[in-house]
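Asks: Just the structure for this:
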Amino acid sequence: MAEKRAVLIAFHNTKALGVRYLEPALRRHGYEVSTVFFKGFNSRSPRPVSKAELDLLCGFIEERRPFMIGLSVMSSMYLDTVNSVIDELKNRINAPIVCGGAFATMFPDRFLERGAEYVIRCDGEIPIQMLADFLTNRDEAPLPADIPSLCYTEDGYIVKNEIGGMLEDIDEYGIPAVECEDACYIENDTLRTGDPQLSTMSYEVIASRGCPFTCSYCCCVNLHRLHPKGIKPVRTRSVKSVIDELVIAKHKLKKLVFIHFYDEIFPNLPGWVDEFVSEYKKKINMPFTIWSHPKMIDGDVLKKLVSVGLSEVIMGIQSGSDHIRRDVFHRYETRDDIINATKIIKESGVAFASYDFMLQHPFETIDDLKDTYFLVKDMYMPFELQLHGLNFLPGTDIVDMAIETGLLTPEEMDAIMYAPMGEQFGAYWKREDERESRLWYRMIYCLQFKQLRIKIEKCENDPFANESVIDSCYKRAQSLAKLAYLRKKSSMVFKSKVLGDYGIKRNKKKN
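Replies: I've put the predicted structure just below:
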């Protein structure tokens, strides 16, 4: 029924879990839903939205005549795209705009002032059903004032209802849509019908919501501060819910090779991992990747996970400087914690370890960068390094720290945080050109390759005198990194085939 159809829009993410949870929530409540994946993710050379893409978006929406258009705004990185879409929709489509997602939750005023009629903060599944009932004049539909987490404008004033409608048992939200039923993907001035996720080789799943840590550069802690009393920082799904979702993904995604658990920290509740290992081996049996933290690494847990397909652990370390980790990033693991975590990962038989560092930012000195070099030098190999800059994201504690310490003025900070997407990603991947900083950065990068370590370690007492050697090693390291990436992907494909063949033989024996 056209009068009861909603359109949901995800930005720069074809796997966007926000709209994938909201679509089935609305469908279960009797509404038809169309989903638009508007532009893909590209952190290296993102293209701004074009007039042709906006025309395709509006044409798709006009054909469906929705009673509501929902925008999932997770990040400030692509606000230029979101702003263009809101402006175009206000000019061409006669339907109220509803914004949600992490960024909209923290800054609802920005979207209401831009022209959106409503903003939903925090978990959106229940509030969006209630708002849909109001907009379609269903019997016993609530008024906006009675809808939890809803923000709107009334008589020229912004009203922010108390946050609510959040479930402690997140299984009750159901399983996200692995395949959105009426979907399209708009990119490069082209509209392709169907869910773009169907052609993916990797599937992203979250087994939990939230994070137990309070890192200053991340919004998770500030999102939790908005939650009603009694809502835990981390809410974990049951193993059954997760496996049920993965069974569907394995059936629908014909090119699927591996699973990526996108939890801030992979669950390790008592009994949860043992049940997961048993069910995953029986029903999924594919290689998978997890995120972890130096204080959460457990050798016994990792060994159990490796036995059923764990192939890569990604762990944020961020800095080798105790001062930067503790006083700036609000991360309280010690150097020994980090070294020990890398040792446990190695000894647990995990094939690939990837460690994340944020370097060359305004808080960091050369001595801090040197501390990172000597930490990485002592970490257990093999590992892959992900080195990048620090992005100041609105609503994170580190923004106020930078302003209060005089590193940046509020005006300079706003110019950084709300720059066009290309500039923001450019800053994220930027390499500091200052000579000494550049040399230490390159030396850190080279340490991930055993064949370059001897040369690099000979340079550490006087990098300036060995600049040509460092530059040569860095160039070689970049080539080795590309080969390592290809080897890792090939290994995942091969392992997936081996596990798949084993599963087929095992099932034949049972039958």
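
Asks: Can you point out the buried residues in the helix or strand hosting residue 83?
Replies: Element membership for residue 83 (DSSP states H and E) is helix 79-92. Within helix 79-92, the residues that qualify as buried are 79, 80, 81, 82, 83, 84, 85, 86, 88, 89, counting by 16 or more other Cβ atoms under 10 Å. Heads up, the C-betas are built off the backbone N, CA and C, glycines and all.

Asks: Hmm, residue 40 and the third one touching each other?
Replies: No: judged on Cβ atoms under 8 Å, residue 81 makes no contact with residue 40 at a distance of 11.5 Å.

Asks: Mutual contacts of the two, please.
Replies: Common neighbours of residue 81 and residue 40 (criterion: Cβ atoms under 8 Å, 6 or more residues apart in numbering): residue 12.

Asks: Give me the distance from the lengthiest helix in the chain to the chain's centre.
Replies: In the chain, taking DSSP state H as the definition, the longest helix is helix 467-510. On the basis of Cα atoms, centre = their mean, to the nearest Å, helix 467-510 is displaced by 22 Å from the centre of the chain it belongs to.

Asks: What of stretch 305-318?
Replies: How far stretch 305-318 lies from its chain's middle: 16 Å, per Cα atoms, centre = their mean.

Asks: again with stretch 53-71
Replies: For stretch 53-71, the distance to the chain centre is 26 Å (Cα atoms, centre = their mean).

Asks: For it, which residues meet the burial criterion?
Replies: Buried, per 16+ other Cβ under 10 Å, within stretch 53-71: 53-54, 56-58, 60-61, 64, 66-71.

Asks: repeat for stretch 169-186
Replies: 170, 173-178, 180, 182-186.

Asks: and the two most separated of the buried residues of stretch 53-71?
Replies: The distance between the two most remote of these (Cβ to Cβ) is 23.9 Å, for 53 and 67.

Asks: what residue ranges in the stretch 301-450 of the chain score low on pLDDT?
Replies: Scanning the stretch 301-450 of the chain for pLDDT under 70 picks out no residues.

Asks: Tell me where it has strands.
Replies: 310-318, 352-358, 384-388 (DSSP state E, counting those that start in this stretch).

Asks: Mind giving me the packing neighbours of the first one?
Replies: When contacts are defined as 3 or more Cβ pairs under 8 Å, 6 or more residues apart in numbering; DSSP states H and E, strand 310-318 sits against strand 288-292, helix 335-347, strand 352-358, helix 467-510.

Asks: Not counting it itself, show me its contacts.
Replies: Residues from elsewhere that reach strand 310-318 (Cβ under 8 Å, 6+ apart): 215, 258, 287-294, 297, 302, 324-325, 329, 331, 338, 341, 345, 350-358, 375, 386, 488, 491-492, 495.

Asks: Next: the last one.
Replies: Here strand 384-388 makes contact (Cβ under 8 Å, 6+ apart) with 314, 352-359, 376, 428-429, 441, 444-445, 447-448, 481, 484, 488.

Asks: what's the closest of the helices and strands packed on strand 310-318 to residue 400?
Replies: That would be strand 352-358 among these, by Cβ to Cβ, at 17.7 Å.

Asks: List the buried residues in that closest one.
Replies: Buried residues in strand 352-358, defined by neighbour count with 16+ other Cβ under 10 Å: 352, 353, 354, 355, 357, 358.

Asks: Let me know the closest of those to residue 119.
Replies: Out of these, the member with the shortest distance to residue 119 (by Cβ to Cβ) is residue 358, at 30.1 Å.

Asks: So what pairs up with that closest one in the strands?
Replies: Residues in a beta bridge with residue 358, per DSSP bridges, are residue 388.

Asks: wait, doesn't it sit right on residue 325?
Replies: No: with contacts counted by Cβ under 8 Å, residue 358 stays clear of residue 325, the gap being 10.4 Å.

Asks: Give the residues shared as contacts by those two.
Replies: Common neighbours of residue 358 and residue 325 (criterion: Cβ under 8 Å, 6+ apart): 318, 319.

Asks: Buried ones among the contacts of strand 310-318?
Replies: 215, 258, 287-294, 297, 302, 324-325, 329, 331, 338, 341, 345, 350, 352-355, 357-358, 375, 488, 491-492, 495.
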